[in-house]
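Engineer: Next input, structure requested:
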Amino acid sequence: MAISLDTVDYVAALAKLRVEDEEKADYADKLNQILEYMDQLSELDTEGILPMTQVLATHNVFRSDEQKPSLDREKALANAPDREGGYFRVPRIM
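Structural biologist: The predicted model follows:
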């Protein structure tokens, strides 16, 4: 399958790119090279190779969920610019 100049126009429009007429042939050539490479990959024997979702091994980077005491109310409100009865006071938004 060869990429035509019309296909370059179509892909450029999808990507919202402005491609000058002088550049279209170069882009068509580059896209054709990519397709040729993909054809080479399809020739590989992948029998017995399991599909994968990640190339690199991943691991959970989250900390364990442990119950801890909450922050003391006075410490939480210590730097509040305005407070009322143990709560943050903020301007009314209507």
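Engineer: ranges for the strands of the chain?
Structural biologist: With DSSP state E as the criterion, the chain has strands at 83-84, 87-88.
Engineer: for those, which one sits closest to A28?
Structural biologist: Closest of the strands of the chain to A28 is strand 87-88, at 60.5 Å (criterion: Cβ to Cβ). Where C-beta positions appear, they are placed from N, C-alpha and C, glycine not excepted.
Engineer: Can you list the strands that the closest one pairs with?
Structural biologist: strand 83-84 (antiparallel) (DSSP bridges).
Engineer: got a list of contacts for the partner strand?
Structural biologist: If you take Cβ atoms under 8 Å, 6 or more residues apart in numbering as the criterion, strand 83-84 is touched by L77, R89.
Engineer: mean confidence score for that strand?
Structural biologist: For strand 83-84, mean pLDDT rounds to 90.
Engineer: Report the distance from it to the chain centre.
Structural biologist: Taking Cα atoms, centre = their mean, to the nearest Å, one finds strand 83-84 lying 42 Å from the centre of the chain it belongs to.
Engineer: same thing with stretch 10-21?
Structural biologist: With Cα atoms, centre = their mean, you get 22 Å for stretch 10-21.
Engineer: Ends of it, what's the gap?
Structural biologist: Stretch 10-21 has an end-to-end distance of 13 Å (Cα to Cα, to the nearest Å).
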